[in-house]
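Student: Got a sequence here, can you build the structure:
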Amino acid sequence: MAEEQETRIGKQKVSTAKWEEAQKTAFTHWINTMLARRKTKIDDLQTGFQDGVKLIVLSEVLVGKAIGQRFVEKPKLKAHKINNAYIALKFLQDVGGLKHLTISAENLVAAEFLNLILGFCWQLLKTFQEPPDFDDGEGNEKGKGANTYEARMLGWVKNTLGDKYPDIDLTDGFKSGSFQNGKALLALISEFDENIKYAETSAGDAHANCKTALDLANDVMHIPAIIDADELADGYVGDKQLVLYLSLMYNAFTDKQKGASVESLASKLTEREAHLRLLKEENLKLKEATENLTTNLNLLQSQYDETSENHANLSLASKETEEKLSALKEEWGSCKEEWSEEISKLKSQLATMMEADDEQCQSLQSEWDKSQDQRDKLREELKKAKEQLTKEKEELEAKNKRLLKNEKRARKNKEELEDIMKNQQEVFDLSMEEFRKHFLVHINDINTWRPYLEEDREYVAKEISLPEEKSEAAFNDQVSELLGVCKAENRTLQELLTTYEIETAEIVSVTIGVKQKRTKQYAWEQEFPEDLKSQIVRATSAALPKKGL
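Tutor: A predicted model of the protein is given here:
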């Protein structure tokens, strides 16, 4: 029994290093949730407060007030860092109510003793993260028997779960089986997120439930697993470890509630800001209206002053006018009688003139009628002339169009004729070149044949059949016919030349043969004198290169 008890005690004890690492992870998470409200964080718990600035920020978040004392925001010297840490600790003590500090500013800056920093974090957690005093359900009233942080944490768990989970029994506190089988943690997670159904997640055994609870807490509440699921299921997790883990869950609930209230405040703040913007816009409009009214008032004042001055001037002018009017009235009275006599005289003269004017009006009316008739005749003649001119204009336009069309056609015909003349010139040039070449060949052949024709040989010339002259035939057709005749004559001459070459060759071979009889040689020499023989040889040698033309 003693050995089993010692084994159990040994299993329940967690190594100091492992426990310190679990505390370090838990407090780093908790402090970063606080610092996230100021959009900052620490990477390492032991060195995170060395410059004192993050500690000042954490202190302001935990206390809910700003530190009125000045501090160095970017300290370089150690003295400045220690002073910052001292200001934060003093603020936590005086304003935050933190008591019995176990760490100094020098310890925080030195960052040498992790156990001192962990103890400081425990003090912060119990002072600023302590749950309210709930009735623990065991007859202890609020404020009685629940003064410790652990008792308040247990009371918060019981108050959060209530009577909704009949299979959870927490009468044994943190030693209760509902913690060891994971159901208490699953129930808390279900209360945190209504999408997590307790009945679905708590159906497994103790080990499965504990693993599920720690995984869900990490995924849903973002709480690191500082305890081991198997150790929790086997009952090897101590009360202090469980309390620390539950404090992280309590912090998550608190942040959620504050987040809801913050969202409500944010919506109200948005409404107030919108209302404030409207008031500012109305204020600007009122200012503009006031400025406009002031400008109009100044303008009216200047107009009033000008009007007053004009009124004074008009009053003075009115008096002068009245005086002149009275003088005129007197003058009118004296002149009225004279004007009456003159008017009577004028009326008699007017009657006489009107009688004379009637006769003049009649003559003028007759002349007017005549001019009207002449005007109508002129209008009719102008209308006819206009119509005639319009008709002539249309005819001229039609004639002009025809001329333009004929001009265009003539220009086109001219271009076509130029192209034809150009092509005819090219054909003429080519035909003349071909005709010249064959004509030169023919002249050369005739020149070659001259010695033979001068000899005493009988030759009957064939009659050359020239083509009939056709004036209507194209030039290139006529040249082609003439070239054909020239080529035919050349072929005839070539045939004769070939025949004479053969005969000459036979005569030469007979002449130079050593076995021929002298009589034949003499006869041949008589028939072909030496000069004629040399001429034949020269003619033959001259004709040989012309073969094939």
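Student: what about stretch 193-205, average pLDDT?
Tutor: Averaged over stretch 193-205, pLDDT sits at 79.
Student: going forward can the numbers begin at 39, since that is how I track them
Tutor: All right, first residue 39 from here; so that's stretch 231-243.
Student: tell me which residues of that stretch are tucked away?
Tutor: By 16 or more other CB atoms under 10 Å, the buried positions in stretch 231-243 come out as 234, 236, 239-240. Backbone N, C-alpha and C define where each C-beta goes, glycine included.
Student: One more: stretch 127-142?
Tutor: Buried residues in stretch 127-142 (16+ other CB under 10 Å): 127-130, 134, 136, 141.
Student: Assign the closest residue to Phe151 other than its chain neighbours to helix, strand or coil.
Tutor: Leaving out its chain neighbours, the residue that sits closest to Phe151 by CB to CB, 6 or more residues apart in numbering is Asn145, at 6.2 Å. Secondary structure, DSSP: H, G, I helix; E, B strand; the rest coil: Asn145 is helix.
Student: just wondering, since we're on Asn145, how far is it from Trp57?
Tutor: Plainly put, Asn145 is 20 Å away from Trp57 if you go by CB to CB, to the nearest Å.
Student: Same question for Asn197.
Tutor: According to CB to CB, Asn197 stands 29 Å off from Trp57.
Student: same deal with Ser382?
Tutor: Counting by CB to CB, the gap from Ser382 to Trp57 is 144 Å.
Student: May I see the buried residues of the helix or strand harbouring Thr71?
Tutor: Using DSSP states H and E, Thr71 sits within helix 54-73. Neighbour-count burial for helix 54-73, counted by 16+ other CB under 10 Å, picks out 57, 60-73.
Student: ok, residues contacting the very next helix or strand once past it?
Tutor: Downstream of helix 54-73, the first helix or strand assigned by DSSP H and E is helix 91-101. With contacts defined as CB atoms under 8 Å, 6 or more residues apart in numbering, helix 91-101 is touched by 69, 72-73, 75-76, 78, 80, 86-87, 104-105, 109, 111-113, 122-123, 125-127, 129-130, 133-134, 146, 162, 166.
Student: before we move on, back to that, redo the buried residues of stretch 127-142 as a markdown table? Include distance to His245, pLDDT and secondary structure.
Tutor: Formatted as a markdown table, the buried residues of stretch 127-142 follow (distance: CB to CB, whole Å; pLDDT from 0 to 100; DSSP: H, G, I helix; E, B strand; the rest coil):
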| residue | distance to His245 | pLDDT | secondary structure |
| --- | --- | --- | --- |
| Leu127 | 44 | 92 | helix |
| Lys128 | 48 | 91 | helix |
| Phe129 | 46 | 92 | helix |
| Leu130 | 41 | 91 | helix |
| Gly134 | 42 | 87 | coil |
| Leu136 | 40 | 88 | coil |
| Ile141 | 39 | 90 | coil |
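Student: Measure how the helix or strand containing Glu369 sits relative to helix 54-73, angle-wise.
Tutor: Secondary structure assignment for Glu369, by DSSP H and E: helix 277-492. Using axes from the mean of the first three to the mean of the last three CA atoms, to 10 degrees, the direction of helix 277-492 lies 70 degrees away from that of helix 54-73.
Student: Helix 277-492 - what's its average pLDDT?
Tutor: 81.
Student: quick revisit: redo the buried residues of stretch 127-142 as JSON lines? Include distance to Gln410.
Tutor: Listed next are those as JSON lines, based on distance: CB to CB, whole Å:
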{"residue": "Leu127", "distance to Gln410": "123"}
{"residue": "Lys128", "distance to Gln410": "122"}
{"residue": "Phe129", "distance to Gln410": "117"}
{"residue": "Leu130", "distance to Gln410": "121"}
{"residue": "Gly134", "distance to Gln410": "119"}
{"residue": "Leu136", "distance to Gln410": "124"}
{"residue": "Ile141", "distance to Gln410": "128"}
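Student: and which of the residues you listed is nearest Ala448?
Tutor: Closest approach to Ala448 among the buried residues of stretch 127-142 (CB to CB): Phe129, at 113.1 Å.
Student: Contacts only, for the closest one.
Tutor: Counting by CB under 8 Å, 6+ apart, Phe129 has contacts 94, 97-98, 101, 105, 107.
Student: Could you identify which of the residues you listed has the most neighbours?
Tutor: In terms of neighbours by other CB atoms under 10 Å, the contacts of Phe129 top out with Ser97 at 25 neighbours.
Student: sorry, back to before: so which of the buried residues of stretch 127-142 is the closest to Glu393?
Tutor: The closest of the buried residues of stretch 127-142, once distances to Glu393 are taken by CB to CB, is Phe129, at 126.9 Å.
Student: returning to what we had before: from Leu127, how far out is the residue nearest to Phe151?
Tutor: Distance from Asn145 to Leu127, by CB to CB: 10 Å.
Student: likewise Glu472?
Tutor: For Glu472 relative to Leu127 (CB to CB), the value is 125 Å.
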